[in-house]
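1. sequence-free structure coming up:
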């Protein structure tokens, strides 16, 4: 259950595969789940485990404020591809929490007042579902990603960049552009949702692949 021994190559391989389409261990923001898994790793994953390395470098940047990250740290075995969600706590929360999610009320409430409340909740839910979706602001960004030298494996560099996965980020076309002395830079486009992804976040995660990336610049930025 979970990732296994994260101090072994096998455990790190499971973690790398798990993070292939995820930015974090749980949810869309760093949390105590990431801290629990990070603390179980003895050193940075190797460069061939690009998804795990990208995540490791990103969580490492929160080293001095790990205690302030949201969530409650659970046993390591409860995280990972074979983890089991704690449904008991969720059931308790649903009973003690917000009653708005209970559209049909209690089965025991059969009087007129309960029926009226049930109808009001169903009407409110239907009205909410019928609303038109809010317009999502998006931008098209063209990035220049520069390697260290002409010996840098540009295919691996691009693979690392495209391994970055965030809610609201979609990678587009790319090409290699000569910059002189036999060196080529990666020029890659992406579309982002403005409220979810910023250029600072992209730069932080791309430059974390320090074995391949020297720097990143924004070549073009256009609102969609």
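-> Yep, it's here. A quick note: this is a predicted structure, and the numbers were derived from the prediction, not measured.
2. what average pLDDT does stretch 28-48 get?
-> When pLDDT is averaged along stretch 28-48, the result is 89.
3. one more: stretch 81-98?
-> Across stretch 81-98, pLDDT averages out at 46.
4. and the nearest residue to residue 53 once chain neighbours are set aside, how close does it get to residue 3?
-> Leaving aside its sequence neighbours, residue 53 sits nearest to residue 45 (CB to CB, 6 or more residues apart in numbering; 4.7 Å). The C-beta positions use only the backbone N, C-alpha and C, and glycine is treated the same way. As judged by CB to CB, to the nearest Å, residue 45 and residue 3 stand 12 Å apart.
5. ok, residue 205 - contacts?
-> The contact partners of residue 205, taken as CB atoms under 8 Å, 6 or more residues apart in numbering, are 54, 57, 58, 164.
6. from these, which land in helices?
-> Counting by DSSP state H, these place 54, 57, 58 in helices.
7. a markdown table for the residues you listed, including neighbour count, pLDDT and distance to residue 74?
-> Shown next, in a markdown table, are the ones in helices among the contacts of residue 205 (neighbours: other CB atoms under 10 Å; pLDDT from 0 to 100; distance: CB to CB, whole Å):
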| residue | neighbour count | pLDDT | distance to residue 74 |
| --- | --- | --- | --- |
| 54 | 23 | 92 | 23 |
| 57 | 17 | 90 | 23 |
| 58 | 19 | 88 | 20 |
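8. the spatially closest residue to residue 5 that is not a sequence neighbour: which element?
-> Taking CB to CB, 6+ apart, and ignoring the residues beside it in sequence, residue 5 has residue 11 as its nearest neighbour in space, at 4.6 Å. Using DSSP states H and E, residue 11 sits in helix 9-18.
9. residue 167: what secondary structure?
-> Secondary structure state of residue 167, per DSSP: H, G, I helix; E, B strand; the rest coil, is coil.
10. ok so, going back, any idea how far the residue nearest to residue 5 is from residue 157?
-> Taken as CB to CB, the span from residue 11 to residue 157 is 26 Å.
11. out of the two, which sits in the busier spot?
-> With other CB atoms under 10 Å as the criterion, residue 11 and residue 157 differ in neighbour count, and residue 157 comes out ahead with 24 against 18.
12. would you verify that that one is located in a helix?
-> Yes. Under three-state DSSP, residue 157 sits within a helix.
13. this completes my enquiry, with thanks.
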